[in-house]
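> everything below, folded, please.
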Amino acid sequence: LDWWHADRYCEQRFAQLLFEPQDSEQASFSKLLQSHHIRGSVWLNERDGVLHKPKRRRDHIVPVLVFGDKTDTRYVKVLSDFPAMPAVTACAHLQWDTRTQEIATIFSYAVPTFINEFQLRGFVDEEGFVRFALIVHGHHSPYLPVFHADGQWHHFCVTWQQENGTWAIYADGKRRASASGLCAGGPTAPQAVYGQGTFIIGQDQDSLGGTFREKESFSGNITDLHVWQKVLSAEQIEKVRSCWVVEQDLVFGWSSNALEVESTVQEVTVQFLCPGPVEECRVFEVGSSGFGYASCLQSLPFICCYRKDAYWQLKNAQLESSHSLVGRVNTLAKRTVIPENVFTSDVQDMNLSVALGALDVLATVLRKGETPVLESSDLLAVLQLLKQVSDVEVQEGEELEMLEQLGQYYVEVTELILEEQNIETWSSVSQVIRGPMAVVELCDRMVSHLAPLLTAGRTAITLQHGNVGLRRVTVKHMWFGYGSLQRCLSGAGSSAVFQDVAASDGGQKFPSTTVGTAVISSTLLSDYQEISTSVRYRLQHLDGNFHVFSLLLLHVSPDAGGMWSTAGCSVVTSLRDSTACFCNHTTNFAVLLQVYEMQQRTTKEELTLQTLTFIGCGVSFCALIVTFVLFLAVGVPKSERTTVHKNLIFALAAAEALLMFSELAKTNQVVCFTVTAFLHLFFMAAFSWMLVEGLLLWSKVVAVNMSEDRRMKFYYVTGWGLPVVIVGVTLATSFNKYVADNHCWLNVRTNVIWAFVGPVLFILAVNTFVLFRVVMVTVSSARRRSKMLTPNSSLENQIGIQIWATAKPILVLLPVLGLTWVCGVLVHLSIVWAYVFIVLNSLQ
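Residues are numbered from 1 along each chain as shown. A predicted model of the protein is given here:
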């Protein structure tokens, strides 16, 4: 077969075309083939596995202009007379200097009427793409990505025509951008590009033929620049890219004699390798054990290779099969629609009519459900048929109703084999197809065939059955609802799925993970070519009992069964029932969720907790204000203790007042952010002054060599300075992740929450130790006083005195030192602990 059909033949049998043998294997491999009477050339697979189209490259000796660093002096002037051009095309090969992201002028053509008459500019964006913009008559197109800034040689062409101001930018043979209306507006029709101008390479002309600026100069290498007074066709542009000159309407051809080169610009002659338009594929020469290339359309022998584990799994599936599904399909169709043996079957190319009949019969049999759970061999047979159908070549003029019906049957069959009862079957052939992500790739192929259905009157086509759907517009979109696809990707058997997770999370193992949303796939198309674009989307969760620990998008890799990666994606908002995400590229998306048991609180319980909080905080706030006023009005003697008490009262009162009214701030983003910051500050200050209370107690228990004045300075730095620093650093480092989605409080789904929890845990640990020492001293003191004052008292009386001596400081100091907050650790265990926590701390 030719290379394309050979590759398809192997792929339809769950195998791959032979890869290049290792050096040590070539001789023995050649003998093996000869023993099977195979001579001459044998097709080889390409290791990159992406393009499968190695190009024959032509040697081309050509002068190359080397522009070094950006400067306002280096330029090259084209010594050619340019006529007036109602249409123009300019093409060149260039190497972009990736060291700078400033705008660079590749060429500028100026006339006295318009300095920016015809110009091409570009820069490297943050994602590593070179973006080009075309200027005609001073009118500027948008900057659009054309190729990767990888330091390699790239070919570009820009075209413009007077009629409708239509323009296009090509890179490496593909049209990357096009539109109309560039310099087409205004009361008069657009003018042609004026003649007799000055064409400068590498600089932007701010005056005719001069006044260059360093920041707009070109840095890199350029060669093979040609200009035509016509719009070249795509075929002609491909020919030019291969270094063949199109002579018709050529205004300027690349030549050293036609260039005035400024002395600091290097001009070197190199042997340039151009990609050729002839498609050639790699072959293994059996007799000589060497390698070469042959035309991909030539018919040559080929070999399909299996991995051993996949081969044995296929063998076992064939041996253990009852062929019930295959038999029923072939009986109903009265012909062999699905062959019984996946190895020896003669898979023929299908046309639209045959494919439609085959899927119609298969969908009918699957719909009846006489075999509710598919056998391994049945699943493989269905997938083999889907592969054949997805390779159908739709001819011009074919019945569009047939094509639409074919798509509908395809979606239905896909949905039926992804039913949840088939999950074990998918697992049983995991070595052959590595999970149901293979179906995603097949659907992606199928949806590409729906293009003929799109017309001026019908701009979108949607096919859906159950949980699976295809949508074809300029954006190609697919979705897979919950079923075997998610179950297999979530299951323990598909460890490959989580390979990237372990790597990206420092080897952390999550206890239970699941694909908690539909899997969707989006691709933006232009002239049937995929183009890169950013995408924002929202996925509904399948269950509320999930916690999103990270967004993970799913890359289709049929050989690997699908790999998870977070590259280029971020969570915009995450709610209990859905997650919104932003990615800087299109691919297949799903959200991986971590499952844990959530105590489901009823609406009544939530309302009770909110009411208790409001009442408790209200009572506390009133008590704190009264106490504060008493401290000021009654004339309590000034001391360390009263000063510390007043600061603690103020911080706690401010925090609880804000907490009571924080729910009202949710509706305004700015107000909510401000409330969160002040809540963080005042609660942090309250805990800092609780720490100071502990330190003050400690100073009464242990002798401290520090004056009262120095101690108070230290207390103020601890009580107010520390919270300000903590809140300031948190805001500076995590401004965009600071506030939670549904409440005016710190975001518990990021590390921001540790800016509160970390210091609080430290303070509680210190104050617990202080309380322990104070209780020991109090009990010891009470015991001594009891023996001195009542030496003859009974044992029961002494025990009672010691119990009271223990209980009194604990009861008094627990709230002062903030130790009631320790029970917050137990809140997730039961609703009872939530009530205890709120009562104790709202009444603190």
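
> count of residues packed around residue 724?
13 (other Cβ atoms under 10 Å). Any C-beta I mention is one placed from the backbone N, CA and C, and that applies to glycine too.

> what sits closest to it if chain neighbours are left out?
residue 681 (7.0 Å; Cβ to Cβ, 6 or more residues apart in numbering).

> look up which helix or strand the one you found falls in, please.
helix 669-701 (DSSP states H and E).

> what about residue 804, neighbour count?
Using other Cβ under 10 Å, residue 804 has 10 neighbouring residues.

> which SS state does it fall under?
Secondary structure, DSSP: H, G, I helix; E, B strand; the rest coil: residue 804 is helix.

> list the contacts for it?
Contacts for residue 804 (Cβ atoms under 8 Å, 6 or more residues apart in numbering) come out as residue 782.

> state the pLDDT value of the spatially closest residue to residue 102 that is not a sequence neighbour.
Nearest non-adjacent residue to residue 102, counting by Cβ to Cβ, 6+ apart: residue 215, 5.5 Å away. At residue 215, the pLDDT value in this model is 86.

> so residue 215 lies in a helix, does it not?
Yes. Counting by three-state DSSP, residue 215 falls inside a helix.

> from what I see, it and residue 103 are in contact.
Yes. Under the contact definition of Cβ atoms under 8 Å, residue 215 touches residue 103, with a separation of 7.4 Å.

> those two: which is more packed in?
When residue 215 and residue 103 are compared for neighbours, residue 103 comes out ahead with 17 against 11, by other Cβ under 10 Å.

> the residue nearest to the more buried one when sequence neighbours are not counted pairs with what?
Excluding the flanking residues, the one nearest residue 103 by Cβ to Cβ, 6+ apart is residue 123, at 4.6 Å. Going by DSSP bridges, residue 123 is paired in beta bridges with residue 131.

> burial count for residue 123?
17.

> again with the one 5 residues further on
Neighbourhood size, residue 128 [other Cβ under 10 Å]: 11.

> so how far is stretch 754-770 off the chain centroid?
When distances are taken as Cα atoms, centre = their mean, to the nearest Å, stretch 754-770 is centred 38 Å away from the chain's centroid.

> ditto for stretch 217-232
The chain centroid and the centroid of stretch 217-232 are separated by 36 Å, computed with Cα atoms, centre = their mean.

> then stretch 460-470?
24 Å.

> buried sites along that stretch?
For stretch 460-470, the neighbour count (16 or more other Cβ atoms under 10 Å) marks 461, 463, 465, 467-470 as buried.

> which intervals of the stretch 651-800 of the chain have sub-threshold pLDDT?
For the stretch 651-800 of the chain, the stretches with pLDDT under 70 are 701-709, 786-787, 789-795, 798.

> how much space between the residue nearest the centre of the chain and residue 518?
Taking Cα atoms, centre = their mean as the criterion, residue 569 is the residue nearest the geometric centre of the chain, at 2.9 Å. Going from residue 569 to residue 518 by Cβ to Cβ, to the nearest Å gives 16 Å.

> pull the longest helix from this protein.
Looking across the chain with DSSP state H, the single longest helix is helix 754-789.

> which helices and strands does that helix pack with?
Counting contacts by 3 or more Cβ pairs under 8 Å, 6 or more residues apart in numbering; DSSP states H and E, helix 754-789 packs against helix 669-701, helix 722-733, helix 795-816.

> list the buried residues of it.
Neighbour counts over helix 754-789 (16+ other Cβ under 10 Å) mark 755-756, 759-760, 763-764, 766-767, 770-771, 774-775, 778-779, 782, 786 as buried.

> the nearest residue to residue 376 once chain neighbours are set aside: neighbouring residues, count only.
Distances taken as Cβ to Cβ, 6+ apart put residue 317 closest to residue 376, at 3.9 Å, once the chain neighbours are dropped. Residues near residue 317, counting by other Cβ under 10 Å, number 21.

> which helix or strand contains residue 317?
Counting by DSSP H and E, the element that carries residue 317 is helix 308-319.

> just the C-alpha atoms of that helix, please, in PDB.
C-alpha atoms of helix 308-319 as PDB (Å, rounded to 0.1, in the frame of the first residue of the first chain):
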ATOM      1  CA  LYS A 308       3.900  -7.800  23.400                       C
ATOM      2  CA  ASP A 309       1.500  -7.100  26.200                       C
ATOM      3  CA  ALA A 310      -1.100  -5.600  23.700                       C
ATOM      4  CA  TYR A 311      -0.600  -8.600  21.400                       C
ATOM      5  CA  TRP A 312      -1.300 -11.200  24.000                       C
ATOM      6  CA  GLN A 313      -4.300  -9.200  25.300                       C
ATOM      7  CA  LEU A 314      -5.700  -9.200  21.800                       C
ATOM      8  CA  LYS A 315      -5.000 -12.900  21.400                       C
ATOM      9  CA  ASN A 316      -6.800 -13.700  24.600                       C
ATOM     10  CA  ALA A 317      -9.800 -11.600  23.700                       C
ATOM     11  CA  GLN A 318     -10.100 -13.400  20.400                       C
ATOM     12  CA  LEU A 319      -9.800 -16.900  22.100                       C
END
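
> pLDDT of the helix or strand following it, averaged?
Note on helix 308-319: by DSSP H and E, the next helix or strand toward the C-terminus is helix 324-333. For helix 324-333, the mean per-residue pLDDT is 82.

> other residues contacting helix 324-333?
Taking Cβ under 8 Å, 6+ apart as the rule, helix 324-333 contacts 336-340, 357-358, 361-362, 364-366, 370-371, 374-375, 377-378, 381-382.

> try 6 Å
Applying Cβ atoms under 6 Å, 6 or more residues apart in numbering, the contact partners of helix 324-333 are 336-338, 340, 361-362, 365, 371, 378, 381.

> now, of those residues, which are buried?
The neighbour count (16+ other Cβ under 10 Å) marks 337-338, 361-362, 365, 378, 381 as buried among the contacts of helix 324-333.

> quick check: the farthest pair among those?
361 and 378 (14.0 Å; Cβ to Cβ).

> how about residue 262, nearest residue that isn't a chain neighbour?
In space, and not counting its chain neighbours, residue 262 is closest to residue 75: 5.2 Å by Cβ to Cβ, 6+ apart.

> low-confidence ranges in the stretch 451-600 of the chain?
Applying pLDDT under 70 to the stretch 451-600 of the chain flags residues 451-452, 454-457, 459, 472-475, 482-513, 525-532, 543-563, 576, 593-600.

> right, and residue 260 touches residue 75 too?
No. In terms of Cβ atoms under 6 Å, residue 260 does not count as a neighbour of residue 75; the distance is 8.8 Å.

> which one of those two has more residues nearby?
Per other Cβ under 10 Å, whichever of residue 260 and residue 75 has more neighbours is residue 75, with 25 against 10.

> mind listing what that one touches?
Shown in contact with residue 75 (Cβ under 6 Å, 6+ apart): 200, 202-203, 262.

> want to try a markdown table for these, with pLDDT, neighbour count and distance to residue 36 as columns?
Shown next, in a markdown table, are the contacts of residue 75 (pLDDT from 0 to 100; neighbours: other Cβ atoms under 10 Å; distance: Cβ to Cβ, whole Å):
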| residue | pLDDT | neighbour count | distance to residue 36 |
| --- | --- | --- | --- |
| 200 | 92 | 24 | 64 |
| 202 | 89 | 25 | 60 |
| 203 | 89 | 29 | 64 |
| 262 | 89 | 15 | 65 |
